[in-house]
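Asks: take a look and give me a structure for this.
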Amino acid sequence: MDKKELAANGDDLESVPLSFEEGPAPESDKGTTVTLSGLDCRMNFPPPERLREVLIYEYGREDGFKVYVNDVPLSVEDVPGKTELINDTLPAAGPVSLHFTVASGKKAPRLPGIIIKVNGKAVGKPQLFGLDEDEEIPVKLVRKVYGEIELSDLEDFVTADWGGMVENSKAFQEIRAFVVEKVKNELRATHARELSLQKARLQKRINQRLQQLPENRRQFAHEALDRILKRFYQESEERIVLIADVALDAMEHDAYWAVLEAIGTSSRGDVHSFVESLEKFGLVELSTMGQQATRRLSFLDFLDQLLGDPETLEKDAHTALEKNLWVMGRNYSVMSSNSTLKRVVETYCDAHFKGSRAAKRPDLLLSQGFADSYLLIEFKRPSHPITRDDISQAEKYRDDLSSQLPSNARIDIMMVGKGRVPSLDTRNLLSNITIQSYAGVISSARSELEWLIETLGKS
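Replies: Residues are numbered from 1 along each chain as shown. Below is the predicted model of the structure:
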């Protein structure tokens with residue numbers, strides 16, 4: 001096959017004439033040998049290691065054949081990074097061999113995850129076994145895992161189409177726990193190593209800035225910077241430096257800190273100085289409110305951009321709004337969703353939406369206010385108008401979840417999507433059910449903030 005002919009017919013490879021020579025194959029030889037010849041002498045030839053690295057992602061876990069480069073078969077170890085091979089015997093699953101690599105560099109492997117093989121045959125697609133939902137490990141790092149786990153004589157626990165293992169089988173539960181434990185341990189070590197190296201590279205700059213802070217704030221600044229490094233894992237160092245500088249500026253120029261120190265000092269002196277210090281706190285409060293309102297307007301611009309994108313899904317809107325319920329209105333700004341409420345929702349969804357129903361899993365946010373009042377928000381796609389069926393289904397979610405909450409709990413329902421269908425009359429809805437459109441929510445929040453900024457400007 002001539003590369004020039006292939007390139008000239010890139011849109012129609014079937015039209016490329018291929019000449020075949022047919023002959024008897026030696027009995028001892030099986031397979032296909034690919035030989036590259038007539039190479040461009042102006043270019044460096046790829047070393048075998050680089051060729052293996054390219055081929056492993058495409059062909060390393062295929063069924064029915066193996067690829068050899070210079071008579072050496074491809075393996076998980078051809079992925080650049082830290083490789084682990086762990087052999088063990090589990091009570092229900094029997095002997096297992098877990099072989100995986102945490103890829104180095106910023107680029108994640110194609111089709112990341114661990115693929116299950118039973119007697120050498122692949123079961124379904126590579127999977128991350130829930131590690132991508134573990135808040136302790138950055139998702140970017142989890143998606144660098146590439147490997148396989150070999151099992152023996154477990155065909156009875158494989159689905160008929162070999163698309164996966166029977167999830168409620170003891171063997172699969174053991175395998176899942178085993179993979180999560182071993183892979184997570186290596187991810188923790190990798191994460192700690194990379195954060196340490198990143199911090200070391202930034203340490204000189206960080207130390208210079210920390211010296212400018214009062215001594216009593218430095219420990220807080222150290223902890224804040226550690227959180228920043230974890231939160232922005234694998235971002236470019238330029239971005240991290242910028243974010244760290246902004247955070248340190250905020251700590252260095254914290255007007256509240258200075259004013260409260262002045263109030264504390266003046267409280268031990270004459271009344272006039274004490275009153276003046278309290279007045280300064282009010283001025284700082286007004287100034288801070290104005291700054292916060294301006295920043296929130298910028299946030300709304302970005303949120304509007306996100307929700308206007310046709311590719312945006314329910315989970316994207318959920319993530320953006322979960323910690324920013326002030327967007328929904330002042331009544332919801334103090335509500336929050338803690339780990340217990342998240343677990344209530346996750347347990348419910350895991351039990352009712354699995355297997356073929358997994359694609360229908362709703363995106364629910366359960367938040368808590370004062371006096372055992374709760375708000376159940378169901379996020380729909382920004383392009384999806386709310387229907388009567390959507391509301392009925394949300395009421396069922398509420399009824400099911402209420403059994404996990406105090407008996408006197410009041411649960412309001414909010415549906416968020418592209419408004420409502422024209423045939424839905426909101427006057428017939430119960431008082432504790434509201435329908436919001438993303439556009440309407442953003443518009444109302446923007447109007448309130450603009451009013452606040454204008455009012456503060458007159459103060």
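Asks: verify the stated contact: Phe157 with Asn168.
Replies: No. With contact defined as CB atoms under 8 Å, Phe157 does not count as touching Asn168 (9.8 Å). Where you see a C-beta, it was placed from the backbone N, CA and C, and this is true even at glycine.
Asks: the two: which has the busier surroundings?
Replies: Neighbours per residue (other CB atoms under 10 Å) separate Phe157 from Asn168, with Phe157 holding more: 21 against 9.
Asks: roughly how far apart are the closest residue to that one other than its chain neighbours and Asp132?
Replies: Closest residue to Phe157 apart from its sequence neighbours, by CB to CB, 6 or more residues apart in numbering: Ser169 at 4.4 Å. For Ser169, the distance to Asp132 equals 22 Å [CB to CB, to the nearest Å].
Asks: what about Val142, how many residues nearby?
Replies: Neighbour count of Val142, defined by other CB under 10 Å: 23.
Asks: what's near enough to touch it?
Replies: Contacts for Val142 were tallied using CB atoms under 8 Å, 6 or more residues apart in numbering; they are 112, 128, 131-132, 134, 187.
Asks: can you rerun that using 6 Å?
Replies: Residues in contact with Val142 (CB atoms under 6 Å, 6 or more residues apart in numbering) are 128, 131-132.
Asks: same question for Lys380.
Replies: Going by CB under 6 Å, 6+ apart, Lys380 touches Gly417.
Asks: from Arg420, how far out is it?
Replies: 11 Å.
Asks: ok, residues contacting stretch 446-458?
Replies: With CB under 6 Å, 6+ apart as the test, stretch 446-458 has contacts from 286, 290, 293, 296-297, 300.
Asks: make it 7 Å
Replies: With CB atoms under 7 Å, 6 or more residues apart in numbering as the contact definition, stretch 446-458 has outside contacts at 286, 289-290, 293-294, 296-297, 300.
Asks: show me which of those are buried.
Replies: Of the members of the contacts of stretch 446-458, the ones counted as buried by neighbours, 16 or more other CB atoms under 10 Å, are 290, 293, 296, 300.
Asks: save these as CSV, and put in distance to Ser28 and pLDDT too.
Replies: Listed next are the buried ones among the contacts of stretch 446-458 as CSV, based on distance: CB to CB, whole Å; pLDDT from 0 to 100:
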residue, distance to Ser28, pLDDT
Gly290, 82, 76
Ala293, 79, 84
Arg296, 74, 88
Leu300, 71, 92
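Asks: tell me the one of those nearest Glu314?
Replies: Using CB to CB, Leu300 comes nearest to Glu314 of the buried ones among the contacts of stretch 446-458, at 19.6 Å.
Asks: surely that closest one and Val441 touch.
Replies: No. With contacts counted by CB atoms under 7 Å, Leu300 stays clear of Val441, the gap being 9.5 Å.
Asks: can you tell me which helices and strands the helix or strand hosting Gln203 packs against?
Replies: Applying DSSP states H and E as the criterion places Gln203 in helix 170-210. Counting by 3 or more CB pairs under 7 Å, 6 or more residues apart in numbering; DSSP states H and E, the packing neighbours recorded for helix 170-210 are strand 81-90, strand 94-103, helix 139-142, strand 145-151, helix 215-231, helix 237-252.
Asks: any stretches of the stretch 51-200 of the chain with poor pLDDT?
Replies: Within the stretch 51-200 of the chain, the segments meeting pLDDT under 70 span 63-64.
Asks: what do you get if the cut-off is 80, keeping everything else the same?
Replies: Residues of the stretch 51-200 of the chain meeting the criterion pLDDT under 80: 53-54, 57-65, 105-110, 135-136, 191-192, 194-200.
Asks: what are the ranges of the helices in the protein?
Replies: With helices called from DSSP state H, the chain shows them at 3-8, 48-59, 139-142, 170-210, 215-231, 237-252, 255-266, 271-307, 314-322, 339-352, 388-402, 438-458.
Asks: who touches stretch 68-77?
Replies: Around stretch 68-77, the neighbours that count as contacts under CB under 7 Å, 6+ apart are 48, 51-52, 55-56, 59-60, 66-67, 83, 99-101, 146-148.
Asks: if we can go back for a sec, including distance to Ile433, could the helices and strands packed on helix 170-210 go into a markdown table?
Replies: Shown next, in a markdown table, are these (distance: least, CB to CB, whole Å):
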| stretch | distance to Ile433 |
| --- | --- |
| strand 81-90 | 49 |
| strand 94-103 | 47 |
| helix 139-142 | 34 |
| strand 145-151 | 43 |
| helix 215-231 | 36 |
| helix 237-252 | 40 |
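Asks: hey, which of those is tucked in deepest?
Replies: strand 145-151 (a mean of 23; mean count of other CB atoms under 10 Å).
Asks: report how far apart the opening and closing residues of stretch 382-394 are.
Replies: Taking CA to CA, to the nearest Å, the first and last residues of stretch 382-394 lie 17 Å apart.
Asks: can you give me how far it is from the chain middle?
Replies: What separates the centre of stretch 382-394 from the centre of its chain is 26 Å, taken as CA atoms, centre = their mean, to the nearest Å.
Asks: list the buried residues in stretch 432-444.
Replies: Across stretch 432-444, burial judged by 16+ other CB under 10 Å covers 433-438, 441-442.
Asks: next, the angle from the helix holding Gln203 to strand 81-90.
Replies: 150 degrees (axes from the mean of the first three to the mean of the last three CA atoms, to 10 degrees).
Asks: identify the farthest-apart pair in the contacts of stretch 446-458.
Replies: Farthest pair in the contacts of stretch 446-458 (CB to CB) is Leu286 and Leu300. Separation: 21.3 Å.
Asks: ok, back up a step: which neighbours do Lys380 and Arg420 have in common?
Replies: Taking CB under 7 Å, 6+ apart as the criterion, Lys380 and Arg420 both touch Ile386.
Asks: dump the C-alpha coordinates for stretch 313-331 into CSV.
Replies: What follows is stretch 313-331, C-alpha atoms only, in CSV (Å, rounded to 0.1, in the frame of the first residue of the first chain):
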residue,chain,number,x,y,z
LEU,A,313,-26.3,18.4,30.6
GLU,A,314,-28.4,18.2,33.8
LYS,A,315,-25.3,17.3,35.8
ASP,A,316,-23.4,20.4,34.5
ALA,A,317,-26.1,22.7,35.7
HIS,A,318,-26.3,20.8,39.0
THR,A,319,-22.5,21.3,39.6
ALA,A,320,-22.6,25.0,38.7
LEU,A,321,-25.6,25.8,41.0
GLU,A,322,-25.2,23.4,43.9
LYS,A,323,-22.9,25.8,45.9
ASN,A,324,-24.6,28.9,44.4
LEU,A,325,-28.2,28.6,45.5
TRP,A,326,-28.3,32.4,45.9
VAL,A,327,-28.9,32.4,42.1
MET,A,328,-32.4,30.8,42.8
GLY,A,329,-33.4,33.7,45.0
ARG,A,330,-32.8,35.2,48.5
ASN,A,331,-35.0,32.6,50.1
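Asks: now find how far off-centre that stretch is within its chain.
Replies: A distance of 16 Å separates the centroid of the chain from that of stretch 313-331, by CA atoms, centre = their mean.
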